[in-house]
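**Student:** Have a look; sequence and predicted model below, questions after that.
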Amino acid sequence: MAALGQWIEDTPAHELRRRQESAEATFRQLGITFAVYGESDASERIIPFDIVPRIFLADEWRRLSEGLVQRVEAINAFLDDIYGARKILDAGVLPPDLIFGNAQFRPEIAGMRPPHGIWAHICGIDLVRTGPDDFFVLEDNARTPSGVSYMLENREAMLRLCPELFREFRVAAVDSYPDRLLETMKSVAPHGAMNPVCVVLTPGHYNSAYYEHSFLADSMGIELVEAADLVVDDDIVWMRTIGGMVRVDVIYRRIDDDYLDPLVFRPDSMLGVPGLIAAYAAGNVALLNAPGNGIADDKAIYSYMPEIVKFYSGGEAKLPNVETWRCREPQALKYVLDNLDKVVVKLVDGSGGYGMLVGPTASKQEIEDFRAALIAEPERYIAQPTLALSTVPTLADSGLAPRHVDFRPFVLTGSKGVQVVPGGLTRVALKPGSLVVNSSQGGGTKDSFVLMDGQGQRPPMAQSQTMGGMTQGQQQ
Amino acid sequence: MRLSIDHHTIYRFSVPQGRLTQMLRLTPEDTHDQTVASWHLHVDCDARLRPGRDGFGNKVTMLYVAGPIDSIEIAVSGEVLTNSADGVVHGAHEVLPPALFLRATPLTLATAAIADFTASAVSAGTDLVGRLHRLNLALNARFVADRDRPVTGRTAAQAFALDRATPRDMAHVFIAAARTLGVPARYVSGYSRFAFGGEHRPAPHGWAEAYVAGLGWVAFDPSAGRSADEAYVRVAVALDAAGAAAVAGSRLGEGDEEMDVDVTVAPASD
């Protein structure tokens, strides 16, 4: 850490700012933009980039990884169970109405099982830190988590703009992510597919994450397709190409369940492929992530994750949850209503920082609006304490200043096991004191360095070695 | 009773279509109350058919046709033996628990008007089955039978505001109403000897099932004001009629489509 401090001290603020602006200019040029919902001009913006990287020590990372692997294994086991035998309900771990009354439990795909029994192939687990060894899971994202393109582009920018940092630190590489993702996709191909054909399915260029869809397809060297490019015939998925129809085995779909297949979900969907679920049910195609996964990352289920992890892994959850009040429970509701100015209230089915009350910074009117909403439909809400989130140095107008961050590592699950990519997306609340890191609400991103073993101190320059492609920026 | 069923569905397109993809729920299964003696599905063009099941456990057939195609006729016919049942469903293929069928869908959302109607309809009932029978009779009395083809997309709330209702509309209102009582309820599509009156019916029949603890799923047909009996053949169940639809289809092509349905149900001659 001292090395980072030294670097910040050695590099003039105007130089840091120049590099930051250069990175942002590149992002704008590449089109790494997103649209903010609810803004009248609906203009595309880039997510602000912060030049000061966040650092994880090798030991910290090892502990985090173990917790992430355990959690994602449990998520997969839970999904396989809840759409199958439902042993967890027989065991009384969860109240059944929390599942059956939950719109995220999709009866349309009950009884269907994905190839190899893997449901959540790509998870983005949002973490916050409140102390040196205190990481908490804030949210599990097991549907179509986005942000991995920022992890990769941020690293590229850092390598280009701050090469000296990579001489100073032995940073684990993240650029193998597309290869690992493709490997994961191939590993879950239906049985019998010899050379599985994999594609990325996007809703199209109007989608706010379109850049990421095209970026990932491009980095993996596979086709980026829209619904109109795919046809299901005889329960088999085909892709139209200039060379004729090609059978598709694995689809990384970035379309929500609701729009996936108009014969099964929303009939008005123009983004989906008719017959896709039949092909999936017949075991002829793997969908990443599997349909129905929303029940695993639902905020109402979240509060039971420690019990869910324990039920499937047999051990205590290595990564704890943030304490959560389920407003559906009368006592919890009473506590929340009495402490609205202190807690964070979230819609069970909300995301992106929408439908959320941050008590300490909310106006009287906002608090009263939420009070009324909570009393009317308590089961739609959960609440959490406002955490003393860790801050990291961030370049602000006035120079370096502490800003709150969270962290989204990406966890891949294939038929050969679970792997955690050594890095992730650090999101930073750029407004002083703010705890909301969502890009739609004025958050930014920064690179996340995972240091390799034997580090933590500034290694003598002469001793730094190239580790067969695992370390970036060592070549001089 | 031995029932002979013929169900024809014809789609005609104003311009030829490039492709048709349909999911058919047109295959009844054996339960303790019905035995499928013979059943055939016939399509009048070159189609690929694939059997499967949907999430509710219903038997489905995927139908794939590569165009150009300007019309298609799907015909099912067969004979089903039914028992003189008591309205309780026995031995059906159940994959989802009753608790799931408490959730509302856009088509079965209860309104205050439906809830009020329900409360007063069942007030004199003592046990749950009795209350549900009262609800069933009250709905039957509330509507004039509409013998036209049901309007796709009409919600329970919209149906309740009208005087005339198809079996499908009445079943939707019954389902919404039962759920206001905390009773799991679901839509059943199938066939009945008496539905719609007349010999040629414009649609398959639809009714409701409500779950009564200790008894199981009990069938109520508000369009007939009675429970389902040996005159009925169950085909598919779901949260609402859309989920149990006989044909869910998608076509690739411009233009309009026209649908014709003809259903006959009669005692089989031995």
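**Tutor:** Cool, got the structure.
**Student:** Pairing partners for the helix or strand containing B:Ser77, with directions?
**Tutor:** If you go by DSSP states H and E, B:Ser77 is part of strand B:59-82. Here strand B:59-82 is paired, per DSSP bridges, with strand B:2-24 (antiparallel), strand B:34-43 (antiparallel), strand B:48-53 (antiparallel).
**Student:** Assign a three-state SS to the residue of the stretch 151-270 of chain B found nearest chain A, would you?
**Tutor:** Going by Cβ to the nearest Cβ, chain A is nearest to B:Ser250 of the stretch 151-270 of chain B, at 3.6 Å. C-beta: built from backbone N, CA, C; applies to glycine. Here B:Ser250 is strand, with the state taken from DSSP: H, G, I helix; E, B strand; the rest coil.
**Student:** got a list of what the residue lying closest to it once chain neighbours are set aside touches?
**Tutor:** Spatial nearest neighbour of B:Ser250, excluding adjacent residues (Cβ to Cβ, 6 or more residues apart in numbering or on different chains): A:Pro274 at 3.6 Å. Residues in contact with A:Pro274 (Cβ atoms under 8 Å, 6 or more residues apart in numbering or on different chains) are A:232, A:261-263, B:21, B:250.
**Student:** what's the residue closest to the geometric middle of the chain?
**Tutor:** Here I'm looking at chain A. A:Gly124 (2.7 Å; Cα atoms, centre = their mean).
**Student:** Please refer instead to chain B.
**Tutor:** B:Ser189 (1.9 Å).
**Student:** Tell me the strands beside the helix-or-strand element of chain B with minimal mean pLDDT, with direction?
**Tutor:** When each helix and strand of chain B is scored by mean pLDDT, DSSP states H and E, strand B:144-145 comes last, with a mean of 91. Using DSSP bridges, the strands paired with strand B:144-145 are strand B:164-165 (parallel).
**Student:** so after the strand it pairs with, what's the next helix or strand?
**Tutor:** helix B:167-180.
**Student:** returning to that earlier point: which one of the contacts of A:Pro274 is nearest to A:Arg18?
**Tutor:** Closest approach to A:Arg18 among these (Cβ to Cβ): A:Asp261, at 49.5 Å.
**Student:** Give me the distance between the nearest residue to B:Gly78 once chain neighbours are set aside and B:Thr108.
**Tutor:** Once flanking residues are discounted, B:Gly78 sits nearest to B:Trp39: 3.5 Å by Cβ to Cβ, 6+ apart. From B:Trp39 across to B:Thr108, the span is 29 Å (Cβ to Cβ, to the nearest Å).
**Student:** cool, and B:Pro98?
**Tutor:** 15 Å.
**Student:** Just want to know which of these two has more residues nearby.
**Tutor:** Set side by side, B:Pro98 and B:Thr108 show more neighbours around B:Thr108, with 29 against 19, by other Cβ atoms under 10 Å in any protein chain shown.
**Student:** Quick check: the more buried one touching B:Ala176?
**Tutor:** Yes - between B:Thr108 and B:Ala176 there is a contact under Cβ atoms under 8 Å: 4.7 Å.
**Student:** Now do the shared contacts for these two.
**Tutor:** B:Ala156.
**Student:** The residue nearest to B:Gly78 touches B:His7, doesn't it?
**Tutor:** No - B:Trp39 is beyond contact range of B:His7, at 10.6 Å (criterion: Cβ under 8 Å).
**Student:** Show me which residues of chain A sit near chain B.
**Tutor:** A:96-97, A:100-101, A:103, A:105-112, A:231-235, A:262-264, A:267, A:274-275, A:278, A:281-282 (Cβ under 8 Å from any Cβ of the partner chain).
**Student:** Quick one, which of those are buried?
**Tutor:** A:100-101, A:105-110, A:112, A:231-235, A:262-264, A:267, A:274-275, A:278, A:281-282 (16 or more other Cβ atoms under 10 Å in any protein chain shown).
**Student:** show me the contacts for A:Glu60.
**Tutor:** Residues counted as contacts of A:Glu60 (Cβ under 8 Å, 6+ apart) are A:Asp133.
**Student:** I meant A:Pro432, not that one.
**Tutor:** A:396, A:401, A:403.
**Student:** distance of the closest residue to A:Ser303 other than its chain neighbours from A:Leu159?
**Tutor:** Closest residue to A:Ser303 apart from its sequence neighbours, by Cβ to Cβ, 6+ apart: A:Thr324 at 4.0 Å. A:Thr324 is 39 Å from A:Leu159, where distance means Cβ to Cβ.
**Student:** Enumerate every residue touching residue 69.
**Tutor:** I went with chain A, as the question did not name one. A:411, A:418, A:420.
**Student:** my bad, the chain I had in mind was chain B
**Tutor:** Counted by Cβ under 8 Å, 6+ apart, B:Ile69 has contacts B:13, B:16-17, B:20, B:45.
**Student:** does A:Ser214 really touch A:Leu224, like I thought?
**Tutor:** Yes - between A:Ser214 and A:Leu224 a contact is recorded at 5.3 Å, counting by Cβ under 8 Å.
**Student:** In terms of neighbours, single out the busier of those two.
**Tutor:** More neighbours surround A:Leu224 than the other of A:Ser214 and A:Leu224, with 19 against 16 (other Cβ under 10 Å).
**Student:** Who does that one form a beta bridge with?
**Tutor:** Applying DSSP bridges to A:Leu224 gives these bridge partners: A:Val200.
**Student:** From chain B, how far off is it?
**Tutor:** Per Cβ to the nearest Cβ, to the nearest Å, A:Leu224 is found 21 Å from chain B.
**Student:** Need the per-residue pLDDT for A:Glu24.
**Tutor:** Looking at A:Glu24, its pLDDT stands at 89.
**Student:** Do me a favour and get the backbone dihedrals for it.
**Tutor:** phi -70, psi -40 (degrees, to the nearest 10).
**Student:** Next up, the contacts around it.
**Tutor:** Shown in contact with A:Glu24 (Cβ under 8 Å, 6+ apart): A:46, A:48-49.
**Student:** separation between it and B:Ser223?
**Tutor:** On the measure of Cβ to Cβ, A:Glu24 and B:Ser223 end up 65 Å apart.
**Student:** cool, A:Gln331 as well?
**Tutor:** Distance from A:Gln331 to B:Ser223, by Cβ to Cβ: 46 Å.
**Student:** Looking at the two now, which is surrounded by more residues?
**Tutor:** Ranked by neighbour count (other Cβ under 10 Å), A:Gln331 and B:Ser223 place B:Ser223 first, with 28 against 9.
**Student:** Read off the pLDDT value for that one.
**Tutor:** 95.
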